[in-house]
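> Got a predicted structure plus its sequence, pasted below:
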Amino acid sequence: MTSVPLLSSAREIAAAIRHKEVSPVEVARVHLERIERLNPKLNAFVDYQPEVVLAQACAAERAIVRGEEVGPLHGVPLSIKSAIDVAGHRCESGSRLRAGYIAAEDAPLVARLRAAGAVILGVTNTPEMLMAWETDNMLYGRTNNPWDLTRTAGGSSGGEAAAIAAGLSAGGVGSDGGGSIRVPAHFCGICGLKPTPGRIPSTGHYPKAGGPFALIGVVGPMARTVEDLRTLFAVMAGWDDVDPCAAPVEVRELQEKIVDAVPIGFFADDGRTRVTEETMAAVELAAFTLTGCGFRVEPFRPEGLEEARQRWWEFFGVAGGMILEPMLRGRESEVSPILREFIRWTGAAADHTGESLLAAWLGRDAVREKILVQMRKYPVLICPTAAIPAFRHGEREWQLDGKTVKYLDAWSYCEWWNLLGFPAVVIPMGYSEEGLPIGVQIVGRPWEEEVVLAVAARLERECGPRHAPPV
């Protein structure tokens, strides 16, 4: 048998296993060895059990030897964010308040991955209660970026992004309420999909999706390639009766000529929050590349984005603070500085009354309608993921063209789409002066993940292979 090429895609690994070019046990051992070697530098995994991993791999190998029909992820080693239930593993969401919590059973999406043949390696680090765009907590400490260990891997799916980018895992699952899949993907040079709420069940996630959070928070795939995102999405998507936003929407195969006919709008900044010059260049390169593929791509920025940003904070910030504050009261010494900082930010606004929450909800629906009507002309949009590439640990503001970009403003390019419930894919598209990856977002209308993934896949094919992180 041949050896496992470093940083092979999940699809390549699955194909090599099906063709008996490599064994699932060998694949598992290679990834476990890489975890042992690099995790001390990255702090991506917080719970992995080599003997459990090898037992899964041995079972996968026996199935191949017996000639059984296998799933699309057979023998592929995946990781899961430690805010999602994986039977026998910690699901602490980075909080001392949940220290030692072990999931009794798999979340539905994890069960679906196992049914497709995946080998679950373990779970990855998060900020406490997922409330930050960097990953650090008082249980396990901070996760470092494989492109530069002095910088963050992002949050809240930072451990997941670092593990995938550095080859500790072939792919996995994160969650996203305000950029928590897409910002880490952008920071670490990988791909990530924030789906429409309900397309992939959030059942088994902590904090639980409910009320206004069910409208903005989702779980979704992360991987090194768009094609792997498509595979993971197809496996995990589908109805679950416990998810409050679930809908029986089947995964569709789109004809290429249908995708080619989709008009695309793009904008390189929102007119409010500055982005780096390299970020603008990455968006323009994506637009230029897709134009060369035959797409009609035109400058377009929908009206209503600033209102969407403000409404998002009313859900994520104000309502989130109201939910968290009673949980933390009297236990402040056990709470991480980053979460205390978040609670201070949310406490600057008055708590919701019934009237203000109703107004926020109605306002959300109104701005969603306004932007969807505009997107009848451009069903797909391309825009930045964030104002900056990966920042140094502890930074809270940045100077761009003589203007200050503050921490809470730098991620607004993601937050609109959470508020609106639109699917968005991040794909690497360039590098900063320091050699840090820069991703762009490809955004679509609700329930049209297949369209945005198809456009992203076309872009990926045109751009060719990418660099691996120096770690």
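Received the coordinates, thanks. Numbers count the residues shown, from 1 in each chain.
> Counting neighbours, what do you get for residue 37?
Applying other Cβ atoms under 10 Å, we find 11 residues neighbouring residue 37. For every residue, glycine as well, the C-beta is placed using N, CA and C.
> And the pLDDT at it?
Note for residue 37: predicted pLDDT of 98.
> From residue 54, how far out is the residue of the chain most remote from its centre?
For the chain, the largest distance from the centre (Cα atoms, centre = their mean) belongs to residue 66, which lies 36.3 Å off. Distance of residue 66 to residue 54, computed by Cβ to Cβ, to the nearest Å: 19 Å.
> Over to residue 303?
Taking Cβ to Cβ, one finds residue 303 at 55 Å from residue 54.
> try residue 239
34 Å.
> ok so residue 399 is a helix residue?
No - secondary structure assignment (DSSP: H, G, I helix; E, B strand; the rest coil) places residue 399 in strand, not in a helix.
> what pairs with it across the strands?
Beta-bridge partners for residue 399, by DSSP bridges, are residue 404.
> tell me, how many neighbours does it end up with?
9.
> Which pLDDT value belongs to it?
97.
> can you check residue 2 too?
So residue 2 comes in at 60 (pLDDT).
> How about residue 205, nearest residue that isn't a chain neighbour?
residue 84 (5.4 Å; Cβ to Cβ, 6 or more residues apart in numbering).
> Quick check: the one you found vs residue 8, distance?
Residue 84 sits 24 Å away from residue 8, going by Cβ to Cβ.
> same check, this time on residue 456
Distance of residue 456 to residue 8, computed by Cβ to Cβ: 20 Å.
> More neighbours: which of the two?
A direct count of neighbours by other Cβ under 10 Å for residue 456 and residue 8 places residue 456 higher, at 28 against 20.
> Residue 303 and residue 54 - which one has more neighbours?
residue 54 (16 against 10).
> show me the contacts for the more buried one.
25, 28-29, 32 (Cβ atoms under 8 Å, 6 or more residues apart in numbering).
> Apply 10 Å and report the result again.
24-25, 28-29, 32, 119 (Cβ atoms under 10 Å, 6 or more residues apart in numbering).
> Just the element for it, please.
Here residue 54 sits within helix 50-65, counting by DSSP states H and E.
> and that helix, how far out from the chain's middle?
Its chain's C-alpha centre and that of helix 50-65 lie 28 Å apart, by Cα atoms, centre = their mean, to the nearest Å.
> ditto for stretch 320-338
Distance, centroid of stretch 320-338 to centroid of chain: 25 Å (Cα atoms, centre = their mean).
> next one: stretch 282-289
Distance of stretch 282-289 from its chain centroid, counting by Cα atoms, centre = their mean, is 22 Å.
> Please identify the buried residues of it?
282-287, 289 (16 or more other Cβ atoms under 10 Å).
> Next, name the residue at the spatial heart of the chain.
Most central in the chain under Cα atoms, centre = their mean is residue 181, positioned 1.8 Å from the mean C-alpha point.
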